[in-house]
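Novice: no FASTA, just this:
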């Protein structure tokens, strides 16, 4: 158990944006939101996984929608508490802790903001170990837990409770409602007990994000190659260095979709790379050959600073490093690949596990 | 208080399809659904408006969606009870009666089906005195009542509770969810007490539908002009006799939209007519001049039989009479015209009350 303060938040938001693989929200937005909440409501307690009781009720929380909308429609806070109040009132459970659905610059932070607002602790676990675009793409689903009842809320005071016949239907119905509600809303789902959370979730990812964030922020003060330091802390693999020469990005179906193209620089001079994304970076190719696919992680880092660049922040001319990291072993199962592998997203290729 | 049997159902479904102004569902589908429910669960009690207590809780019920979908996706019954169970469990109210949201060949009948399934009586009131495409287009809304909490259910076992910030948001969010759920779902909304229902609703419309249905069915046995008899029972006005020479019909945004064109016959030889629809017939023109607009009622009747023809049953070559009827006075108010007048539907004209 430890107290999260503004300094921790800054590192968590930054590191989570690296693990968010382009999605999960902009770290600056995430940090500002939580900072305002902590100043207003007081600090948040972070529980290590073994500090949550087997019988205790826990709910997962995240903002959902297109990152390109989220960056212009900063959450007000009323939707964050609105979704939580809706699921608590509906379920009548004594909710003892909050857990992030995913890791991301906003979505690692929003549960901490909710924790500050409610005085309820947050558990150092999440449901992805990265970010993914759809609500059933969590290890809670892989373990057979149900996302229903799912609550949604927006800043206009609209709330919903969805009891879909399965987690795929919850995603489908909530995505349609999300678009009607403006493209970015707060979700609470996977109401579960501590024993299920501990078995199904990915542990210590807030702490991992914080450690990565400390590294990123430390780079400015040390005289070393920022990308080499990041590859090291991430346990990742260097894939490419390049300059963005083309970017196709559109908001459709409640997602930000597109492709980004790179001309190689430095050691990669003369080579080409491409990354396809749907909120998150899902597929990286180098010279037309598939190099990494979802569910393994792809991060784009600024070559000078090592800062992560999220999907909505990509710009023509950015000079970047592309880093790949292996996903959690829970994703490398048959159900994991069915749920979030390349074929689910319509890429007609099999998943080949990344080796580092 | 009286018991509704299969004979009553047949007349209610037919007469309600006339008042449904093209929407509210096919009367044959409605009759078959309720007949099966009554055979399985027993008869339904219809309460006259003065038989519902001021303090008693009542909920309105309807199928929503595009008529062109409903005709191919006949409700199974599980969604009908699903939406009711969801709102009852959520609200914890002891619901004493069910009221139809609108009048229509299916939507006057579905509440009776639900009454048979639950043993709860139905009140001889509805919220439109006709059919309309959107959920807030009810006299309950005109009276300032709220549609939230609104429940929705489909035949796949998906249920939702929507607490929109107002009745317009409930419509907008539920319409998006409805499309994701397959285009036709069951709704319960406007949970209210008897005194509000009696003040805000339109009385005796199931009985009126039954009387109209008796007339339609009686036409086959009498040697009189069916259309003249219908104009008489409807208190309506003869507008046109013609043959359908063109029909543009599409399903979009969860609605069936389009226009139908007529060449005049008999007394109307040499004239042209056109009706625009969104689930319901909303605007009728004769020789390019606006003749009737929503919220007044437009019915299309088969010239030989007097049977109503609903939006999804319109066919090239149909020989029909177009009849107009004044709407209830509750619609002829400023809020009534704002809610369901021609400008709401994008027709750039003012409402001129039909005189008979």
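Specialist: Everything's here; your move. Predicted, not measured: the structure shown is a model, and the values here were computed from it.

Novice: sec struct for the residue nearest to residue A:20 when sequence neighbours are not counted, please.
Specialist: Ranked by C-beta to C-beta, 6 or more residues apart in numbering or on different chains and with sequence neighbours excluded, the top spatial neighbour of residue A:20 is residue A:104, at 3.6 Å. Using the backbone N, CA and C atoms, a C-beta is placed for each residue, glycine as well. Using DSSP: H, G, I helix; E, B strand; the rest coil, the three-state assignment for residue A:104 comes out as coil.

Novice: what does chain A put close to chain B?
Specialist: Residues of chain A lying near chain B by C-beta under 8 Å from any C-beta of the partner chain: A:86, A:90, A:156-165, A:169, A:172-173, A:175-177, A:179-181.

Novice: Buried ones among those?
Specialist: A:86, A:90, A:156, A:158-164, A:169, A:172-173, A:175-177, A:179-181 (16 or more other C-beta atoms under 10 Å in any protein chain shown).

Novice: What about the residues you listed, which are in strands?
Specialist: The strands, defined by DSSP state E, take in A:159, A:160, A:161, A:162, A:163 from these.

Novice: Quickly list what the second one is bridged to.
Specialist: Using DSSP bridges, the bridge partners assigned to residue A:160 are residue A:152, residue B:162.

Novice: Distance of residue A:295 relative to residue A:280?
Specialist: 10 Å (C-beta to C-beta, to the nearest Å).

Novice: Give the residues shared as contacts by those two.
Specialist: The contact sets of residue A:295 and residue A:280 overlap at A:130, A:132 (C-beta atoms under 8 Å, 6 or more residues apart in numbering or on different chains).

Novice: partner strands of the longest strand seen in chain A, parallel or antiparallel?
Specialist: The longest strand of chain A (DSSP E) is strand A:237-252. Sheet pairing of strand A:237-252 (DSSP bridges) gives strand A:255-264 (antiparallel), strand A:319-325 (antiparallel).

Novice: Which of those has the highest mean neighbour count?
Specialist: By mean neighbour count, with neighbours taken as mean count of other C-beta atoms under 10 Å in any protein chain shown, strand A:319-325 ranks first of the strands paired with strand A:237-252 at a mean of 23.

Novice: From residue B:258, how far off is residue A:299?
Specialist: For residue A:299, the distance to residue B:258 equals 50 Å [C-beta to C-beta].

Novice: re earlier: dump the strands paired with strand A:237-252 to JSON lines, plus mean pLDDT.
Specialist: Formatted as JSON lines, the strands paired with strand A:237-252 follow (pLDDT from 0 to 100):
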{"stretch": "strand A:255-264", "mean pLDDT": "95"}
{"stretch": "strand A:319-325", "mean pLDDT": "97"}
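
Novice: For residue A:9, find the nearest of those strands.
Specialist: strand A:319-325 (22.9 Å; C-beta to C-beta).

Novice: Tell me who's in contact with residue A:167.
Specialist: Applying C-beta under 8 Å, 6+ apart, the residues contacting residue A:167 are A:135, A:136, A:141, A:146, A:147, A:148.

Novice: would the fifth one count as being in a strand?
Specialist: No - the assignment for residue A:147 by three-state DSSP gives coil, which leaves it out of any strand.

Novice: Chain A: helices as residue ranges?
Specialist: Taking DSSP state H, the helices of chain A run over residues A:6-19, A:27-41, A:67-70, A:78-91, A:110-118, A:139-142, A:167-180, A:194-200, A:205-219, A:226-234, A:334-340.

Novice: residue contacts, the closest residue to chain B within the stretch 201-350 of chain A?
Specialist: Here the stretch 201-350 of chain A gets closest to chain B at one residue, residue A:254, 10.0 Å apart by C-beta to the nearest C-beta. Taking C-beta under 8 Å, 6+ apart, we find residue A:254 in contact with A:65, A:66, A:175, A:176, A:178, A:179, A:183.

Novice: pLDDT below threshold where in the stretch 151-300 of chain A?
Specialist: Counting by pLDDT under 70, the stretch 151-300 of chain A shows low-confidence ranges at A:222-223.

Novice: ok, back up a step: and the helices of chain A: which comes nearest residue A:59?
Specialist: For those, proximity to residue A:59 was assessed by C-beta to C-beta; helix A:78-91 is nearest, at 6.0 Å.

Novice: Could you check the angle the closest one makes with helix A:27-41?
Specialist: 70 degrees (axes from the mean of the first three to the mean of the last three C-alpha atoms, to 10 degrees).

Novice: to the chain's geometric centre, what's the distance from helix A:78-91?
Specialist: How far helix A:78-91 lies from its chain's middle: 21 Å, per C-alpha atoms, centre = their mean, to the nearest Å.

Novice: What of stretch A:197-214?
Specialist: The answer for stretch A:197-214 is 12 Å, by C-alpha atoms, centre = their mean.

Novice: How about stretch A:312-331?
Specialist: 12 Å.

Novice: how close does residue A:347 get to residue B:306?
Specialist: 59 Å.

Novice: Count the neighbours of residue A:315 for me.
Specialist: Residue A:315 has 9 neighbours, counted by other C-beta atoms under 10 Å in any protein chain shown.

Novice: Just give the closest residue to residue A:311, not the sequence neighbours.
Specialist: residue A:22 (4.2 Å).

Novice: again, but for residue A:62
Specialist: In space, residue A:62 is closest to residue A:101, 3.7 Å off (C-beta to C-beta, 6+ apart).
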